[in-house]
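A.B. asks: starting from these lines, generate the structure:
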Amino acid sequence: MAPLGGAPRLVLLFSGKRKSGKDFVTEALQSRLGADICAVLRLSSPLKEQYAQEHGLNFQRLLDASTYKEAYRRDMIRWGEEKRQADPGFFCRKIVEGVSQPVWLVSDARRVSDIQWFQEAYGAATQTVRVVASEQSRQQRGWVFTPGVDDAESECGLDNFGGFDWVIENHGDEQRLEEQLENLIEFVHSRL
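C.D. replies: I've put the predicted structure just below:
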């Protein structure tokens, strides 16, 4: 079970394909809500930190969108899957430790088990948000299909989830994106 000492008022679990704009959306929300109200949590961060330690790699370089990270991505995915199979909540528990803000934005939920863990731990405070972008938009942001990455569970695990509370369309239409963010911000404020 999760450490409930500082239970959040709202947990938004963001998911989407690579280059769909999950980080862009969560960072935009945090900048508007304020870092004192809203924490951005990344499930991939403790995974990358642990992976770097065990493999003698540069943790900071695994965090950015570099070719360094891409060189290790497949093995990191395999390694992360092994950890999750042994303990599905391993990375979820790590990212919530010591978080005190009332709103949590988990920027990279990738599996049904991620959603289930947060729903079990935080119940009705948990909402799911799917960020979608056309293949063309993703390609304009630098996405290229990579076998063993883009067809792995880490990218496809929520494709058929279907029950998202929110869907944010991020195809490059700034005005449409802004309207959607405003709706989500209104909802966040209703939970505070």
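
A.B. asks: quick one: the residue in the chain sticking out farthest from the centre from Tyr72, how far?
C.D. replies: Each residue of the chain has a distance to the centre, and by CA atoms, centre = their mean the biggest one is for Gly56: 25.0 Å. Separation of Gly56 from Tyr72 (CB to CB, to the nearest Å): 11 Å. All C-beta atoms are positioned from the backbone trio N, CA, C, and that covers glycine.

A.B. asks: just checking, which helix or strand of this structure averages the lowest pLDDT?
C.D. replies: helix 153-156 (a mean of 82; mean pLDDT, DSSP states H and E).

A.B. asks: identify the residues contacting it?
C.D. replies: Identification of contacts with helix 153-156 by CB atoms under 8 Å, 6 or more residues apart in numbering yields Lys17, Arg18, Ile77, Gly80, Glu81, Arg110, Arg111, Val149, Asp150.

A.B. asks: what about 7 Å?
C.D. replies: Applying CB atoms under 7 Å, 6 or more residues apart in numbering, the external contacts of helix 153-156 come out as Lys17, Arg18, Ile77, Glu81, Arg110, Arg111, Val149.

A.B. asks: could you export it as CSV, CA atoms only?
C.D. replies: The C-alpha coordinates for helix 153-156 follow below in CSV (Å, rounded to 0.1, in the frame of the first residue of the first chain):
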residue,chain,number,x,y,z
GLU,A,153,4.3,-2.8,-23.4
SER,A,154,5.9,0.4,-22.2
GLU,A,155,4.4,2.1,-25.3
CYS,A,156,1.3,0.0,-26.0
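
A.B. asks: pull out the buried residues from that helix.
C.D. replies: Glu153, Ser154, Glu155 (16 or more other CB atoms under 10 Å).

A.B. asks: quick check: the nearest residue to Val132 once chain neighbours are set aside vs Asn160, distance?
C.D. replies: Excluding the flanking residues, the one nearest Val132 by CB to CB, 6 or more residues apart in numbering is Glu169, at 5.7 Å. Distance, Glu169 to Asn160, using CB to CB: 19 Å.

A.B. asks: mind listing what the next helix or strand after the least confident helix or strand of the chain pairs with, with the direction of each?
C.D. replies: Once the chain leaves helix 153-156, the next helix or strand it forms, by DSSP states H and E, is strand 166-169. Within its sheet, and counting by DSSP bridges, strand 166-169 is paired with strand 126-132 (parallel).

A.B. asks: CA atoms of the partner strand as PDB?
C.D. replies: Extracted in PDB, the C-alpha atoms of strand 126-132 (Å, rounded to 0.1, in the frame of the first residue of the first chain):
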ATOM      1  CA  THR A 126      -7.200   9.300  -9.100                       C
ATOM      2  CA  GLN A 127      -8.100  10.400 -12.700                       C
ATOM      3  CA  THR A 128      -6.600   9.200 -16.000                       C
ATOM      4  CA  VAL A 129      -5.600  11.500 -18.800                       C
ATOM      5  CA  ARG A 130      -4.600  10.200 -22.200                       C
ATOM      6  CA  VAL A 131      -2.500  12.600 -24.400                       C
ATOM      7  CA  VAL A 132      -3.000  11.800 -28.100                       C
END
